[in-house]
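Q: Quick check, what structure comes out for this input:
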Amino acid sequence: MTTPTPIDFLRLTHSDHHLVRHIEVAPEQIVYCGTVDMAFASTEKRLNLYAIRAAGAPVGFFKIDLKYPETYGFARAGDLGLRAFMIDHRHQGRGIATAALAALPGMLHRLYPAATAVVLTVNIRNQIAVRSYRRAGFVDTGEIHEGGLAGPQHVMRLDLPDS
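A: Down below sits the predicted model:
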């Protein structure tokens, strides 16, 4: 049995692109999560960027959208949006996504104490991601978001710990 790799998160600024620019998903996954370069090129406001680190090295990336309830009708006041969650293709299949998703609620609770849940959309065709999110405790709300670039998406939510 292998020992799980320690996971932590690093908040990024736009000047930190060099720390995560090497993170890439397989070409067929880009339609689901975009790229790190796309995230850093965006001028969208109220997004916080994070690196996922395994044993101190950046191996993944995601965005926390602070305006999710203002943008999407399925989100509620107090919800955070999880967007562009990705693990570098050279590190996939090692349990890093599972470990990161398990650590995420605690981190979000500490950094965003007023938040009540984290919400995401995941393409219906991306069944590997759907299973990963379910294993991490995300619940499919039964709603379908039709606004995805790659087609319809499940809406999933995970309640955050109470204060």
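
Q: List the buried residues for stretch 150-163?
A: Buried residues in stretch 150-163, counted by 16 or more other Cβ atoms under 10 Å: 153, 154, 155, 156, 157, 158, 160. Glycine gets a C-beta too; all of them are placed from N, C-alpha and C.

Q: What lies in contact with that stretch?
A: Stretch 150-163 is contacted from outside by 31-32, 74, 79, 105-106, 108-109, 112-113, 115-125, 130, 133-134, 136-147, using Cβ atoms under 8 Å, 6 or more residues apart in numbering.

Q: In stretch 26-46, which residues are buried?
A: By neighbour count on 16+ other Cβ under 10 Å, the buried set for stretch 26-46 is 29, 32, 33, 34, 35, 36, 39, 40.

Q: pLDDT below threshold where in this structure?
A: Along the chain, the parts satisfying pLDDT under 70 run over 1-4, 148-149, 163.

Q: Residue 135 reaches residue 98, doesn't it?
A: Yes - using Cβ atoms under 8 Å, residue 135 and residue 98 qualify as a contacting pair, with a distance of 6.5 Å.

Q: State the distance from the closest residue to residue 105 other than its chain neighbours to residue 26.
A: Closest residue in space to residue 105, ignoring its immediate chain neighbours: residue 160 at 5.4 Å, by Cβ to Cβ, 6 or more residues apart in numbering. Distance, residue 160 to residue 26, using Cβ to Cβ, to the nearest Å: 30 Å.

Q: same question, residue 18
A: As judged by Cβ to Cβ, residue 18 and residue 26 stand 23 Å apart.
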